[in-house]
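**Student:** need the 3D shape of this:
(one chain, ligands or ions: 1)
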Amino acid sequence: MKEFLNFINGEYVRGTSGKTFDDINPVDGSLIGRIHEAGQGEVNAAVAAAQAALKGDWGRLAVVERCKLLDAVAGEINRRFDDFLQAEIADTGKPHHLASHVDIPRGAANFQIFIDTIKSTATESFNMRTPDGKTALSYGVRVPRGVIAVVCPWNLPLLLMTWKVGPALACGNTVVVKPSEETPATATLLGEVMNAVGMPKGVYNVVHGFGPGSAGEFLTRHPGVNGITFTGETRTGSAIMKAAADGVRPVSLEMGGKNAAVVFADCDFQVAVDTLTRSCFENAGQVCLGTERVYVERPIFAKLVAALKERAETMKPGLPFDKDTKIGPLISKKHQAKVLGLYQKARDEGATIVTGGGIPDMPEALRGGSWVQPTIWTGLPETATVVTEEIFGPCCHISPFDTEEEVLGKVNANRYGLATAVFTQDIARANRLAHQIEVGLCWINAWFLRDLRTPFGGSKQSGIGREGGVHSLEFYTELRNVMVKF
Ligand SMILES: O=C(O)C(=O)/C=C/C=C/O
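**Tutor:** Just a heads-up that it's a prediction; the model follows:
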């Protein structure tokens, strides 16, 4: 039986409460191991260790020394690639090709990009004449914010955790990570990497548990935490903002979405179908950037529905390491029930079910998994539940549009504003739309193509702040202005 312990001050520790909870494999519902729940005491110890590290060796390291350590972390993740791969796939059930091409490589890349950024980003300086006819020089100094609470989700566990830990450490902070209760494995394993490369104790800490009344709340409310970065549901993000208000701590929130795709008749049809197949169904639809609303210019509406139906029906569910597997399960029985409930809601509200809508027929050994069918609906009004609410499953509603103004109004009429994908070969039109769609990220003839130097984050109820490249420095450092009088 595997055990997932908390990682505090360089050591793996159980919770004093002795409470544990199950880590379940979503492919077949089997028990992977027990997760040791951190109580208030463990969270206090983790924050204290992080504070001590700031004042200790870590806090005294020059940037170039910090970056050498982080480069060693990236190297060790790559050296233990298969260990991270096995751990991530066991926790999530995601297909091997996805974990091996996206999740784990980004685990290392998320350190590399911020090593490059922190070493190459200058701060500003100004020279001024002073009233006495002399001069003064002002210059900016970036200092670490301190102890950063990292609350990360279950859909891309290693990727989204290191997307925050990478810049946090590159900027000289220390972290306490609260992984999702669904996916403890890779955050726990990263502790071994930190020790292996000689990272000072207390720089990287992991506490396991849930949200309210558990480690998540204890951590985000802890007065020793100087900033909170969160990826996950908007409702949880709002609760974290409330917790951060006590003690006036900044937050960086990347949250839910109800992302649209806009497909014009002049698009490269194959590019649109290939890309939409990924944006609607990749990771079983469990990607915050994923497409759940597809608007298609009327002349190609029927053709696109048919093409996406065909692609959805080729997405074979199965074992993660089976090379024919094209789609995995949802993360848990609880999430499966939520998604199936919304599938039923679509039926109740009169959707035309183009494909899917239920549970795939799985081999006996996998019947205990959290499987749902890739699903496509048409025929619903914009006010329908599955057209307005985030589902976070392998599904989308497709509807026709006739004018640019009409589709722009529909795309923007949603409380979320994370990502959009626009397919057209009229680049003037694509840019015109991209400037009017109220989201943080607009892909044109692409999706989830990532340049890690760019600003990443959501508008409206999809988030606050931007992380990526130099933009992460705004959250993970404080800029101090120094003026020298000559
Ligand atoms: O690609 C990234 O850096 C990122 O943050 C992806 C987020 C996906 C959320 O589901």
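**Student:** list the strands paired with the helix or strand Pro400 falls within, with their directions.
**Tutor:** Assessed by DSSP states H and E, Pro400 sits inside strand 395-401. When sheet partners are counted by DSSP bridges, strand 395-401 sits next to strand 291-297 (parallel), strand 375-378 (parallel).
**Student:** show residues contacting the last one.
**Tutor:** Looking back up the chat, that one is strand 375-378. Strand 375-378 has contacts (CB atoms under 8 Å, 6 or more residues apart in numbering) with 280, 305, 308-309, 312, 343, 346, 351-357, 386, 393-399. Backbone N, C-alpha and C define where each C-beta goes, glycine included.
**Student:** apply 7 Å and report the result again.
**Tutor:** Residues from elsewhere that reach strand 375-378 (CB atoms under 7 Å, 6 or more residues apart in numbering): 305, 308-309, 312, 343, 346, 351-357, 386, 394-399.
**Student:** now do the buried residues in stretch 221-239.
**Tutor:** Neighbour-count burial for stretch 221-239 flags 221-222, 224-234, 236-237, 239 (criterion: 16 or more other CB atoms under 10 Å).
**Student:** mind putting the strands paired with strand 395-401 into JSON lines with mean pLDDT, distance to the ligand and mean neighbour count?
**Tutor:** Formatted as JSON lines, the strands paired with strand 395-401 follow (pLDDT from 0 to 100; distance: least, CB to the nearest ligand atom, whole Å; neighbours: other CB atoms under 10 Å):
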{"stretch": "strand 291-297", "mean pLDDT": "98", "distance to the ligand": "12", "mean neighbour count": "24"}
{"stretch": "strand 375-378", "mean pLDDT": "99", "distance to the ligand": "19", "mean neighbour count": "24"}
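**Student:** between those strands, which gets nearest to Thr424?
**Tutor:** For Thr424, the closest of the strands paired with strand 395-401 is strand 291-297, at 8.8 Å, according to CB to CB.
**Student:** what sits against the residue of the stretch 251-400 of the chain found nearest the ligand?
**Tutor:** Using CB to the nearest ligand atom, the single residue of the stretch 251-400 of the chain nearest to the ligand is Cys288, 3.3 Å away. If a contact means CB under 7 Å, 6+ apart, then Cys288 has 254, 256-257, 418 as its contacts.
**Student:** list the helices and strands the helix or strand that contains Glu42 packs on?
**Tutor:** Glu42 is part of helix 40-55 when elements are defined by DSSP H and E. Helix 40-55 is packed against strand 6-8, strand 147-151, strand 174-178, strand 204-206, helix 215-221, with contacts defined by 3 or more CB pairs under 7 Å, 6 or more residues apart in numbering; DSSP states H and E.
**Student:** deepest in the core, which of those is it.
**Tutor:** strand 204-206 (a mean of 30; mean count of other CB atoms under 10 Å).
**Student:** by neighbours, which of the contacts of Cys288 wins?
**Tutor:** Within these, neighbour counts (other CB atoms under 10 Å) peak at Gly257, which reaches 30 neighbours.
**Student:** reformat the contacts of Cys288 as CSV; add distance to Leu31.
**Tutor:** Formatted as CSV, the contacts of Cys288 follow (distance: CB to CB, whole Å):
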residue, distance to Leu31
Glu254, 31
Gly256, 30
Gly257, 32
Leu418, 34
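**Student:** please, which helix or strand holds the residue nearest the centre of the chain?
**Tutor:** Among the residues of the chain, the one closest to the centroid is Leu160, at 4.3 Å (CA atoms, centre = their mean). Element membership of Leu160, judged by DSSP H and E, is helix 157-170.
**Student:** quick one: is that helix near the ligand?
**Tutor:** Yes. With CB under 6 Å from any ligand atom as the measure, helix 157-170 is seen reaching the ligand through 160, 163.
**Student:** what packs against that helix?
**Tutor:** Judged by 3+ CB pairs under 7 Å, 6+ apart, the packing partners of helix 157-170 are helix 63-79, helix 81-92, helix 104-120, strand 147-151, strand 174-178, helix 185-197, helix 471-476.
**Student:** outside of it itself, list whatever touches it.
**Tutor:** By CB under 7 Å, 6+ apart, the residues outside helix 157-170 that reach it are 66-67, 70, 84, 88, 91-92, 102-104, 106-107, 110-111, 114-115, 117-118, 148, 150, 152-153, 175, 177, 179-180, 183, 186-187, 203-204, 229, 231, 467, 472, 476.
**Student:** picking up where we left off before, if any of the contacts of strand 375-378 are buried, put those into a PyMOL selection.
**Tutor:** Buried residues within these, by 16+ other CB under 10 Å, are selected in PyMOL with:
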select buried, resi 305+308+309+312+343+346+351+353+354+355+356+357+386+394+395+396+397+398+399
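**Student:** and Val191, how many residues sit next to it?
**Tutor:** You called it Val, but residue 191 is Gly. Gly191 has 21 nearby residues by other CB under 10 Å.
**Student:** likewise for Lys333?
**Tutor:** Look at Lys333: counted by other CB under 10 Å, it has 15 neighbours.
**Student:** and for Leu54?
**Tutor:** Burial measure for Leu54: 19 neighbouring residues, criterion other CB under 10 Å.
**Student:** got the contact list for it?
**Tutor:** For Leu54, the contacting residues are 146-147, 174, by CB under 7 Å, 6+ apart.
**Student:** for those, give me a markdown table that also has pLDDT and distance to His96.
**Tutor:** What follows is these, written out as a markdown table (pLDDT from 0 to 100; distance: CB to CB, whole Å):
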| residue | pLDDT | distance to His96 |
| --- | --- | --- |
| Gly146 | 98 | 39 |
| Val147 | 98 | 36 |
| Thr174 | 99 | 34 |
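**Student:** before we move on, the earlier item: quick check: which of the contacts of Cys288 are also close to the ligand?
**Tutor:** Here nothing survives when the contacts of Cys288 are matched to the ligand using CB under 6 Å from any ligand atom.
**Student:** can you list which of these are found in strands?
**Tutor:** Counting by DSSP state E, the part of the contacts of Cys288 found in strands is Glu254.
**Student:** can you redo the helices and strands packed on helix 40-55 as a markdown table with distance to Asn44?
**Tutor:** Shown next, in a markdown table, are the helices and strands packed on helix 40-55 (distance: least, CB to CB, whole Å):
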| stretch | distance to Asn44 |
| --- | --- |
| strand 6-8 | 10 |
| strand 147-151 | 12 |
| strand 174-178 | 10 |
| strand 204-206 | 11 |
| helix 215-221 | 8 |
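**Student:** output the ones you listed as CSV; include the columns distance to the ligand.
**Tutor:** What follows is the helices and strands packed on helix 40-55, written out as CSV (distance: least, CB to the nearest ligand atom, whole Å):
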stretch, distance to the ligand
strand 6-8, 23
strand 147-151, 13
strand 174-178, 15
strand 204-206, 19
helix 215-221, 18
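**Student:** out of those, which gets nearest to Gly458?
**Tutor:** Evaluated over the helices and strands packed on helix 40-55, closeness to Gly458 peaks at strand 147-151, with 16.0 Å, by CB to CB.
**Student:** next one: that closest one to chain centre, how far?
**Tutor:** Centre-to-centre, strand 147-151 and its host chain are 15 Å apart (CA atoms, centre = their mean, to the nearest Å).
**Student:** which other residues reach it?
**Tutor:** Contacts of strand 147-151 (CB under 7 Å, 6+ apart): 47, 50-51, 54, 161, 164-165, 168, 173-178, 216, 219-220, 224-230, 232, 240, 476.
**Student:** picking up where we left off before, among the helices and strands packed on helix 157-170, which is nearest Leu449?
**Tutor:** Of those, nearest to Leu449 by CB to CB is helix 104-120, at 12.9 Å.
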